[in-house]
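> Quick one, fold the following:
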Amino acid sequence: MQKNNLYKGSLSTIVLKLLSDKGKMYGYQITREVEQITAGELVITEGALYPILHKLEAKGLLGVEMKKVKNRVRKYYFITEKG
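Presented below is the predicted three-dimensional model:
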């Protein structure tokens with residue numbers, strides 16, 4: 001199995017671990033951090049990330065906090081106790 005396929009199959013786990021370690025993060029921040037952690041071997045697109053985030057949120061594993069930053073509203077994700 002290629003490493004990239006392994007990473008993609010584990011995206012939910014990677015996101016949960018990242019948020020557990022780093023705390024609140026917004027989507028773009030998550031994609032950049034995953035790319036850095038995997039030394040560029042896994043590049044997550046918005047089309048792949050946001051469905052995972054929404055799925056984890058629906059299961060109660062992630063919470064969401066909205067913050068206004070420079071006249072833009074950012075959606076920050078954080079791991080819940082259940083997560």
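
> Okay, the most centrally placed residue in the chain and Met25: tell me how far apart.
Closest residue to the average C-alpha location of the chain: Val15 at 4.2 Å, with C-alpha atoms, centre = their mean. Val15 sits 9 Å away from Met25, going by C-beta to C-beta, to the nearest Å. All C-beta spots, glycine's among them, are computed from the backbone N, C-alpha and C.

> Between those two, which contacts overlap?
Common contacts of Val15 and Met25 (C-beta atoms under 8 Å, 6 or more residues apart in numbering): none found.

> Now the residue nearest to the centre of the chain: which helix or strand?
Val15 belongs to helix 11-22 when assigned by DSSP states H and E.

> Distance from the chain centre to whichever helix or strand comes after that helix, please.
Using DSSP H and E, the helix or strand that directly follows helix 11-22 along the chain is strand 25-26. The chain centre lies 7 Å from the centre of strand 25-26; the measure is C-alpha atoms, centre = their mean, to the nearest Å.

> If we go by neighbour counts, what in the helix or strand that strand 25-26 is followed by is buried?
Towards the C-terminus, the helix or strand next in line after strand 25-26, according to DSSP H and E, is helix 27-37. Residues 27, 30-31, 33-34 are the ones in helix 27-37 that count as buried (16 or more other C-beta atoms under 10 Å).
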